[in-house]
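>>> Structure for this input, please:
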Amino acid sequence: MTPGTQPALADDRPLIVERTWPPAPRSAGRARRVLADHLCAWGLPQLTDSAALVVSELVTNAVNHAHPPHGHLIFTRFERLECGVRIEVHDVSEAKPERREAAVDEESGRGLLLVEALTGGHWGVSDRNGPGKTVWAVCADGDTHDATVAVTQ
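Predicted coordinates:
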C-alpha cells in the first residue's frame, strides 16, 4: 500500500488515490482514466461518466486558470465513500473559481455549472496546507448530503 492511503478493498485497491500531474492539458485525460479505473475496481462503474466529467472540468480549470509557477504540479485525491467518490483537485493558486453564466456564443465558462449539475450542488472550494486551494466535488448514488457532510467535517 502506498504511503498516505487508507485500507484497501479486497483487490488491494486503496480507498484513497493520490496523484500529481503536470500543469498541462493532457493531465485532465490521464486523471479521468485513473479515476475511471478505480471506480470500476471500487464497484462504482455507474458513476464513471459523471465523475470523469467532473474531474476533467476541475483539472482543466487548474491547468487553464491557476497558472502555477513553473515546476508546480496539480494534485488529485480520489476518496471512495460509502455511496460514491470525493474528488479533490489541489493547485497553488489562491484564486477561487466562481460559477458564472456564460453567454450563448462563448466557447467556455460552463464547467462549474456542469460540476454543480452532476454533483447535485455538492462541490466547493477550501483552503489547503500550503499555498493554494482545493476544489472538491462528491459524485454519489442517491442523496450525496450524508457523504458530503462526512468528508467535510
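
>>> show me where pLDDT drops low in the protein?
1-12, 68-71, 99-100, 102-110, 143-153 (pLDDT under 70).

>>> what about the residue most central in space within the chain, which helix or strand?
Closest residue to the average C-alpha location of the chain: residue 87 at 3.2 Å, with CA atoms, centre = their mean. Residue 87 is part of strand 84-91 when elements are defined by DSSP states H and E.

>>> Show me what counts as buried in the helix or strand that that strand is followed by.
Sequence order places helix 111-119 as the next helix or strand after strand 84-91, per DSSP H and E. Using 16 or more other CB atoms under 10 Å as the burial criterion, the residues of helix 111-119 that qualify are 111-112, 115, 118-119. Any C-beta I mention is one placed from the backbone N, CA and C, and that applies to glycine too.

>>> What of stretch 50-66?
50-63, 66.

>>> do the same with stretch 16-25
By neighbour count on 16+ other CB under 10 Å, the buried set for stretch 16-25 is 16-18, 21, 23.

>>> Quickly note the distance from the closest residue to residue 28 other than its chain neighbours to residue 25.
Closest residue to residue 28 apart from its sequence neighbours, by CB to CB, 6 or more residues apart in numbering: residue 59 at 4.3 Å. Between residue 59 and residue 25 the distance is 9 Å, computed by CB to CB, to the nearest Å.

>>> tell me, how many neighbours does residue 30 end up with?
Applying other CB atoms under 10 Å, we find 15 residues neighbouring residue 30.

>>> and the one helix or strand it maps to, what does it pack onto?
Using DSSP H and E, residue 30 falls within helix 26-41. Contacts defined by 3 or more CB pairs under 8 Å, 6 or more residues apart in numbering; DSSP states H and E place helix 26-41 against strand 16-21, helix 48-65, strand 74-80, strand 84-91.

>>> related to what we said a few turns ago, who touches the residue nearest to residue 28 in this structure?
21, 27-28, 31-32, 74, 76, 89 (CB atoms under 8 Å, 6 or more residues apart in numbering).

>>> Most neighbours among the residues you listed, please name it.
Those, ranked by neighbours (other CB under 10 Å): first place residue 89, 28 neighbours.
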